[in-house]
Structure formats: C-alpha cells, structure tokens
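# no sequence on this one, just coordinates:
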C-alpha cells in the first residue's frame with residue numbers, strides 16, 4: 001500500500017478575510033456599546049435618581065433581547081446573507097450612536 005502525501009490546503013481569498021474582519025469589528029463595536037452602560041451607571045443613578053436594581057434591569061433586558069433575536073437573525077443571515085446583514089447592523093449602530 002502506497003502512502004500519498006496530504007493535499008495542500010486551499011488558500012483563503014483576501015476578500016473572505018476582509019468580510020470576516022469587518023464582521024469581527026462590528027462585533028467588537030457592538031460589545032463595546034453593550035458594556036458602555038457599566039461606565040455610565042453612576043452618572044445615570046445620580047441624574048435619574050434610580051437605584052442600582054433599576055439600572056441593572058436595563059442590562060438584563062438587553063441580554064434578553066439579544067437572546068430572543070438569535071433565531072430571527074439566523075434566519076435573516078440565511079435569507080439575505082451575512083455581508084448585507086453586517087452592513088445593515090453597522091449602519092444602525094452608527095446612526096444610533098450620533
């Protein structure tokens with residue numbers, strides 16, 4: 001029995017790495033936006049006169065919305081594609097941030 005050499009691995013195109021990099025960047029920005037409330041919590045407590053329990057409700061609500069949207073976003077990725085969905089999400093985050 002002859003032993004053959006393993007086939008060379010196919011190279012990943014640069015465009016694929018670019019799309020992956022943009023998606024990773026969008027994810028990092030989204031996580032940054034989610035964590036930014038922790039930095040502003042003390043100022044929000046003072047400004048709105050809210051307790052820590054009330055403010056933590058917003059964080060839990062954000063996590064619940066994130067969990068609830070996992071399946072619908074998966075369906076959207078299958079229907080319209082990841083590139084368009086990442087671009088649309090980045091536009092939404094950019095418009096909400098200003």
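Received, thanks. No experiment lies behind these values; they were computed from the predicted model shown.
# most centrally placed residue in this protein?
By C-alpha atoms, centre = their mean, the chain has its centre lying nearest to residue 27, at 3.4 Å.
# Please report the distance of that residue from residue 82.
According to C-beta to C-beta, to the nearest Å, residue 27 and residue 82 sit 12 Å apart. Yep, even glycine has a C-beta here, placed from its N, CA and C like the rest.
# coming back round to it: local confidence estimate at the residue nearest to the centre of the chain?
For residue 27, the model assigns a pLDDT of 84.
# And residue 69, by the same measure?
Residue 69 carries a pLDDT value of 91.
# which phi and psi does it have?
Note on residue 69: backbone dihedrals following degrees, to the nearest 10 are phi -90, psi 0.
# Quick one: residues contacting it.
Going by C-beta atoms under 8 Å, 6 or more residues apart in numbering, residue 69 touches no other residue.
# Helix, strand, or coil at residue 4?
Following DSSP: H, G, I helix; E, B strand; the rest coil, the label given to residue 4 is coil.
# And for it, the neighbour number?
Neighbours of residue 4 under the rule other C-beta atoms under 10 Å: 5.
# before we move on, the earlier item: quick check: the gap between the residue nearest to the centre of the chain and residue 20.
Residue 27 sits 11 Å away from residue 20, taking C-beta to C-beta as the criterion.
# Tell me where this structure has strands.
Along the chain, counting by DSSP state E, no stretch forms strands.
# Where does pLDDT dip in it?
Where the chain drops to pLDDT under 70, the residues are 1-3, 5-9, 34, 97-98.
# any idea how far residue 17 is from the residue nearest to the centre of the chain?
For residue 27, the distance to residue 17 (C-beta to C-beta) stands at 15 Å.
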